[in-house]
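*Asks:* the following block contains a protein sequence and its predicted model.
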2 protein chains.
Amino acid sequence: MLKNNIYLSEIDLIYKYLIKLNFKKKETFNFQNDGAFLNKKKDKDIVVTNDTIVESIDFFKNDDPESIAHKIITYNLSDLSSMGAFPYSYTLSLSLPKGINIKWIKRFIKKLFYLQKKYKIFLLGGDVSQSNQIHISANFFGYVKKDIIIQRKQAKINDSIWITGNIGDSYIGLLIKKKKLRVNNKFKKYFINKYLYPNPCMIGSKIIGYSKCGIDISDGFLSDLSKLLNKSLGADLLYSKIPFSKNTNNLINNKLIDPFSLLNGGDDYELIFTSPKINDDKILNIAKKNNYKITKLGSIIDSEGIFIDGKKITSFKQSYEYLF
Amino acid sequence: MLKNNIYLSEIDLIYKYLIKLNFKKKETFNFQNDGAFLNKKKDKDIVVTNDTIVESIDFFKNDDPESIAHKIITYNLSDLSSMGAFPYSYTLSLSLPKGINIKWIKRFIKKLFYLQKKYKIFLLGGDVSQSNQIHISANFFGYVKKDIIIQRKQAKINDSIWITGNIGDSYIGLLIKKKKLRVNNKFKKYFINKYLYPNPCMIGSKIIGYSKCGIDISDGFLSDLSKLLNKSLGADLLYSKIPFSKNTNNLINNKLIDPFSLLNGGDDYELIFTSPKINDDKILNIAKKNNYKITKLGSIIDSEGIFIDGKKITSFKQSYEYLF
């Protein structure tokens, strides 16, 4: 009703720019309808995720539009992967301040276009509005084999605990951006890039059937791992197995960063999942075949809590980012 | 990652308050997972809508939380209805400023709960974050009989043009709130209530099979009607048929409001749809049986444009609120 005009008119924003993102799929009605529809697939469930990013909270006001586009896609893809789903499509609610100009829009859309091609997704529709801050919300839809969605709280005693990729890089990038950590220029560039462009680990749809329990690391390794554990179960990990990048190990060795802080950092968008030990070789093969770094951290045990090298971790960050 | 603490902690907001809204449905995983799933129904398509409301744009900062809850539900339900779908569930992205207190949250949630019961929907999941303004986005899901979704641009020559309810009440309420119109207290209360609590017309799922073309009135009667018309087709209407409430007619008769302005007002959340003339009696019966006011405004003709009493309307508001 009162909605009108960011810098571009809404009509231009939708029919000159966003229109490119629907890939002419029939589900979108070419953005001419009040809604879209979801294509059902036989023997597949449709899963839905929702992630919202807000200026000054999830990104800095002057971050490149490419990074902001990357984050809204990454955060949601990572959620789909953690449920074992492969991506299908998404809706986008885009709220922008008046001051946003055409160049910003073009760069933002171009990055979305690139990521859509990369991950084989298209834009179903959405909403455009005006706000004080950049505020972007997306619902992502994915398919998963019927009735075997990967969930939290499904870890079983003796399951192996797996983690993909490395942790800590993105959080170190954030500390550098916030000037809470000073490193040389080479490191600075590496870590800030990891903060601006975290990569979702899309192994989820490959391990379905072998894992029933997983989560993506958004809040922090320890916090997210704890969400996999039902009461009375715990995780027994080896510190030496926790995967850090070569650059992160360099900072740790030079005492520039406390490695424990990285376990609480968040924004890694790697997966933690559990799987019966009998599947260990299968899991390693899947990761190898699909070029994902993977590490076995330890096992699920029948003592409550998270234990690293036998020592119980008594406190960690309790922040949460759920659907809900 | 940086997300934390509006006034309540996120955990409290989710697990003390929002949790009540999932109605313990299995699709929600009790808000314990990274996403939710959508229950498929045989011979039904799943449709999705997205509407976002932002403080100072779609509502006033100090509007009651009940009204804000009502609007996010109404706007989306109206979209579902306009496609012929019946409502199923929704996701909610809730961004709130730090200053929001528990009382506000409780009132907001209570209203959502009431509306969920009324419209038989439940909350699938969503996201909670912090922002400068109140900013609420929702994706709604509905079911519609396979392959017969009601769409725009499907009007055919000689189709009857129907409208539900009345138009203008909500817009008059907005003018009064903005102090652009002064009326006596009785009228003031009536119209502001219509602005704060517009009712979606849920006839859409009842007329499916009889209508292939419809839209809900969010931007304004003329603007939205024009979106039903393919090029070379037009709408021939009688002014006397345009439905105003008794109170609106009173203001018109007293020259307090220009009736033409009401055709551009918006936020009516009534439906305009077209249907072959042969269905006229059927449509009237459906409306009567379900207690919806309905009016036949005129017919689709083979001259481009909107004609009222034979006179072509040459200008009307061109604002748009699509999915996109």
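*Replies:* All right, it came through fine.
*Asks:* end-to-end on stretch A:196-210?
*Replies:* 32 Å (C-alpha to C-alpha, to the nearest Å).
*Asks:* let me redo that: stretch A:189-207
*Replies:* 33 Å.
*Asks:* how about it against chain B, any contact?
*Replies:* No: applying C-beta under 8 Å from any C-beta of the partner chain, one finds stretch A:189-207 separated from chain B by no less than 9.5 Å. In this view, the C-beta of every residue, glycine as well, is placed from N, C-alpha and C.
*Asks:* residue ranges in the stretch 201-324 of chain A under the pLDDT threshold?
*Replies:* A:316-324 (pLDDT under 70).
*Asks:* A:Asn285: neighbour count?
*Replies:* Using other C-beta atoms under 10 Å in any protein chain shown, A:Asn285 has 11 other residues around it.
*Asks:* helix/strand/coil for it?
*Replies:* With DSSP: H, G, I helix; E, B strand; the rest coil as the basis, A:Asn285 sits in helix.
*Asks:* which residues are in contact with it?
*Replies:* Listed by C-beta atoms under 8 Å, 6 or more residues apart in numbering or on different chains, the contact set of A:Asn285 is empty.
*Asks:* that one and A:Lys206: what is the separation?
*Replies:* According to C-beta to C-beta, to the nearest Å, A:Asn285 stands 10 Å off from A:Lys206.
*Asks:* where does the nearest residue to A:Leu77 once chain neighbours are set aside land in three-state SS?
*Replies:* Distance criterion C-beta to C-beta, 6 or more residues apart in numbering or on different chains; nearest residue to A:Leu77, sequence neighbours excluded, is A:Pro200 at 4.2 Å. The three-state label given to A:Pro200 by three-state DSSP is coil.
*Asks:* just checking, A:Pro200 touches A:Lys71?
*Replies:* No: the pair A:Pro200 / A:Lys71 is not scored as a contact, 10.3 Å apart, by C-beta atoms under 8 Å.
*Asks:* dihedrals phi and psi, the residue nearest to A:Leu77?
*Replies:* Here the main-chain torsion angles of A:Pro200 (degrees, to the nearest 10) amount to phi -70, psi 140.
*Asks:* that one: neighbouring residues, count only.
*Replies:* 26.
*Asks:* show me what contacts it?
*Replies:* A:Pro200 makes contacts with A:Thr74, A:Tyr75, A:Leu77, A:Ser78, A:Ser81, A:Asp216, A:Tyr269, as judged by C-beta under 8 Å, 6+ apart.
*Asks:* the third one: how many residues sit nearby?
*Replies:* If I follow you right, that is A:Leu77. 30.
*Asks:* one more: the first one?
*Replies:* Using other C-beta under 10 Å, the number of residues around A:Thr74 comes to 23.
*Asks:* which helix or strand contains it?
*Replies:* Taking DSSP states H and E as the definition, A:Thr74 sits inside helix A:65-82.
*Asks:* packing partners of that helix?
*Replies:* Under the contact criterion of 3 or more C-beta pairs under 8 Å, 6 or more residues apart in numbering or on different chains; DSSP states H and E, helix A:65-82 touches strand A:44-54, strand A:86-96, helix A:102-119, strand A:135-145, helix A:204-207, strand A:213-216, strand A:271-275.
*Asks:* buried ones in it, by neighbour count?
*Replies:* For helix A:65-82, the neighbour count (16 or more other C-beta atoms under 10 Å in any protein chain shown) marks A:65-82 as buried.
*Asks:* residues in contact with the helix or strand containing A:Ile252?
*Replies:* For A:Ile252, the element it lies in under DSSP H and E is helix A:246-253. Here helix A:246-253 makes contact (C-beta under 8 Å, 6+ apart) with A:Asn166, A:Gly168, A:Asp169, A:Ile172, A:Val183, A:Phe187, A:Tyr190, A:Phe191, A:Phe244, A:Ile257, A:Pro259, A:Leu262.
*Asks:* would you mind listing what in the stretch 151-300 of chain A touches chain B?
*Replies:* By the criterion of C-beta under 8 Å from any C-beta, the positions of the stretch 151-300 of chain A lying close to chain B are A:151-153, A:171, A:174, A:215-216, A:218-220, A:227, A:265-267.
*Asks:* of these, which belong to helices?
*Replies:* Secondary structure defined by DSSP state H assigns A:Tyr171, A:Leu174 of these to helices.
*Asks:* so can I have CSV of the residues of the stretch 151-300 of chain A next to chain B showing neighbour count?
*Replies:* Formatted as CSV, those follow (neighbours: other C-beta atoms under 10 Å in any protein chain shown):
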residue, neighbour count
A:Gln151, 19
A:Arg152, 21
A:Lys153, 16
A:Tyr171, 26
A:Leu174, 22
A:Ile215, 26
A:Asp216, 28
A:Ser218, 26
A:Asp219, 26
A:Gly220, 25
A:Lys227, 16
A:Gly265, 25
A:Gly266, 26
A:Asp267, 26
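*Asks:* let me know the closest of the residues of the stretch 151-300 of chain A next to chain B to B:Asn291.
*Replies:* A:Gln151 (43.1 Å; C-beta to C-beta).
*Asks:* contacting residues around that closest one?
*Replies:* Contacts of A:Gln151 (C-beta under 8 Å, 6+ apart): A:Met83, A:Lys212, A:Cys213, A:Gly214, B:Phe29, B:Gln32, B:Asn33.
*Asks:* need the buried ones from the residues you listed selected in ChimeraX.
*Replies:* Here is the ChimeraX command that selects the buried residues among the contacts of A:Gln151 (16+ other C-beta under 10 Å):
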select /A:83,212,213,214 /B:29,33
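*Asks:* chain neighbours aside, what residue packs nearest to A:Ser275?
*Replies:* Using C-beta to C-beta, 6+ apart, the nearest residue to A:Ser275 is A:Ser211, at 4.3 Å.
*Asks:* neighbours around the one you found, how many?
*Replies:* 26.
*Asks:* how about A:Lys145?
*Replies:* Neighbour number of A:Lys145 under other C-beta under 10 Å is 15.
*Asks:* now do the next helix or strand after the helix holding A:Ile252: which elements does it pack against?
*Replies:* For helix A:246-253, the succeeding helix or strand toward the C-terminus, using DSSP H and E, is helix A:259-262. Packing contacts for helix A:259-262, counted by 3+ C-beta pairs under 8 Å, 6+ apart, involve helix A:169-177.
*Asks:* now the angle from the helix it packs on to helix A:246-253?
*Replies:* Relative orientation of helix A:169-177 versus helix A:246-253 (axes from the mean of the first three to the mean of the last three C-alpha atoms, to 10 degrees): 60 degrees.
*Asks:* so how far is helix A:169-177 off the chain centroid?
*Replies:* Counting by C-alpha atoms, centre = their mean, to the nearest Å, helix A:169-177 is centred 16 Å from the centre of its parent chain.
*Asks:* what's in contact with that helix?
*Replies:* Helix A:169-177 is contacted from outside by A:60, A:181-183, A:187-188, A:190-196, A:198, A:245, A:247-248, A:251, A:257, A:261-262, A:265-269, B:1, using C-beta under 8 Å, 6+ apart.
*Asks:* one more time with 6 Å
*Replies:* A:Leu181, A:Lys188, A:Phe191, A:Ile192, A:Lys194, A:Tyr195, A:Pro198, A:Ser245, A:Leu262, A:Gly265, A:Asp267, A:Asp268 (C-beta atoms under 6 Å, 6 or more residues apart in numbering or on different chains).
*Asks:* among these, which one has the most neighbours?
*Replies:* A:Asp268 (31 neighbours).
*Asks:* for it, what are phi and psi?
*Replies:* phi -80, psi -40.
*Asks:* sounds good, over and out.
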